[in-house]
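Colleague: pasting a predicted model and its sequence here:
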Amino acid sequence: MHYIKPEIQENHRKFGPSQVFSTRRQRLVDDESMISNIFRQPPLDQIPPLGDNKGMKTSAWSVAPFKGLKDALDNRNIVLSEERVKKTADPRTDEEVFSEAMADVREIKEFREIPVTRQRRARRIRVVKDDTIQILNQIVKGQRRITLSDTPEYIEWVHPRVRKDVARKLHQGQYAVQDFIDLHGMSVDEADEALFTFFQDALRKRLSCVKVIHGRGLRSPKGPILKEAVIKWLHGQFSKWVLAYSSAKARDGGLGATYIILKSK
C-alpha cells in the first residue's frame, strides 16, 4: 500500500489525474532544461582544437568561477574578514590568565601529604663455593687433617657448675692424662665392672684426668656398643664422680677414646 500526500489527493479531486500528471511532467522538463543550460556545450564542430580558443567565447559554454583571481593575487587586493581585522592580542599577562583560570580551584586536604613507598634495594646474594669434595680428597690423600669436633662422632659434656670452655680445653689436650683403661675385647658387663674398679682406684689415688679407650665399633656389625655404654654410664651410675668429658685428640685415640675429668673427694 502506497502513501499519497494530501496535496496530491486534493489536486486529483480538483483537476483530475490527467491534468495533475501533466503538470508534474512539465516541472521535470523545466528542471532538465535548467540543468542543461548550466552545463551546455557548443556543437562539436565549433570546439576549437586543443590549445586554440581564439575564435570562441569561453563564457558561451563553460563556467569560470576563478575569473579575476590572478589579478587579485597580483595586486594583493585581498580583503580580510572583519573578524580577523578586529582581532587583537590579549592584554593580560600569563600570570593573570592563570590566576583567573585557577580561581575556583580548592585544595584537597587528603592529598596534602601523599606517602611515597621507597623501593627496596635488591640484596646481593653472595655465592659461596662448595669445596666439600676438594676437602675430602685432601683428607684421603693425607694433605689435610680432620677436625674431630666437626664430625658427628665427637662427644663432649660439662657439669652445670663447670665453665663451658673446659670441654674444649680438655679436647685440645690442655689437661694431662694421668691414667687410662682399654676396654677393647670386653663384653658390656665386663666393661662395666672393669670401669667401676678403674674409677675407684683413680679416686683413691686422687687423679683428676683419665682416659677410657672404648673404640669406634667400626668392625662390629652392631656399631659402637662399648662407646654408647660408656656415655650412658657417665650420665648414670658414674655421674657422681664426673665433672666433664670430651673425645680425645687424634694421637690419643681420637673418636675411639674419651678424656674424663673426675671430681675430688
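Modeller: On my side now, so go ahead. Small disclaimer: the values here were computed from a predicted structure and weren't measured.
Colleague: strands along this protein, start to end?
Modeller: Along the chain, counting by DSSP state E, strands occupy 156-158, 179-182, 209-213, 242-247, 257-262.
Colleague: tell me the most buried of the ones you listed?
Modeller: Comparing the strands of the chain by mean neighbour count (mean count of other C-beta atoms under 10 Å), strand 257-262 ranks first with a mean of 24. All C-beta atoms are positioned from the backbone trio N, CA, C, and that covers glycine.
Colleague: could I get that strand in PDB with only the CA atoms?
Modeller: The C-alpha trace of strand 257-262 is given here as PDB (Å, rounded to 0.1, in the frame of the first residue of the first chain):
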ATOM      1  CA  ALA A 257      88.700 -42.700  73.300                       C
ATOM      2  CA  THR A 258      87.300 -40.200  75.800                       C
ATOM      3  CA  TYR A 259      89.100 -37.800  78.300                       C
ATOM      4  CA  ILE A 260      87.300 -37.600  81.700                       C
ATOM      5  CA  ILE A 261      87.800 -35.100  84.500                       C
ATOM      6  CA  LEU A 262      87.000 -36.600  87.900                       C
END
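Colleague: may I have the phi/psi pair for the nearest residue to residue 138 once chain neighbours are set aside?
Modeller: Take residue 138 and drop its neighbours on the chain: the residue closest to it by C-beta to C-beta, 6 or more residues apart in numbering is residue 144, 3.7 Å away. Here is the backbone geometry of residue 144 (degrees, to the nearest 10): phi -140, psi 140.
Colleague: residues near residue 144, how many?
Modeller: Neighbour count for residue 144, taken as other C-beta atoms under 10 Å: 13.
Colleague: pretty sure it sits against residue 134.
Modeller: No. The pair residue 144 / residue 134 is not scored as a contact, 9.3 Å apart, by C-beta atoms under 8 Å.
Colleague: just the helices in the stretch 51-200 of the chain please.
Modeller: For the stretch 51-200 of the chain, applying DSSP state H, counting those that start in this stretch gives helices covering 69-74, 82-86, 94-101, 132-140, 165-171, 188-204.
Colleague: contacts for the longest one?
Modeller: Outside of helix 188-204, the residues within contact range by C-beta atoms under 8 Å, 6 or more residues apart in numbering are 178-179, 181, 183, 186, 210, 212, 214, 225-226, 229-230, 233, 237-238, 241, 262, 265.
Colleague: what mean pLDDT does that helix get?
Modeller: Helix 188-204 shows a mean pLDDT of 94.
Colleague: could you do the shortest one as well?
Modeller: Helix 82-86 shows a mean pLDDT of 53.
Colleague: please report how far the nearest residue to residue 249 once chain neighbours are set aside lies from residue 186.
Modeller: Nearest non-adjacent residue to residue 249, counting by C-beta to C-beta, 6+ apart: residue 173, 5.1 Å away. Here residue 173 is placed at a distance of 26 Å from residue 186 (C-beta to C-beta, to the nearest Å).
Colleague: okay if I get the strands of the chain as TSV plus distance to residue 138?
Modeller: Formatted as TSV, these follow (distance: least, C-beta to C-beta, whole Å):
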stretch	distance to residue 138
strand 156-158	26
strand 179-182	31
strand 209-213	28
strand 242-247	22
strand 257-262	25
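Colleague: domains in the chain, by residue range?
Modeller: 6-38, 148-262 (automatic domain parsing).
Colleague: quick check, pLDDT for residue 45.
Modeller: For residue 45, the pLDDT comes out at 57.
Colleague: swap in the one 3 residues further on?
Modeller: At residue 48, the pLDDT value in this model is 57.
Colleague: repeat that for the one 3 residues further on.
Modeller: The confidence metric pLDDT takes the value 51 at residue 51.
Colleague: likewise residue 179?
Modeller: With respect to pLDDT, residue 179 scores 94.
Colleague: once you drop chain neighbours, what's closest to it?
Modeller: residue 210 (5.0 Å).
Colleague: so the one you found bridges to which residues?
Modeller: Beta-bridge pairing of residue 210 under DSSP bridges involves residue 179, residue 260.
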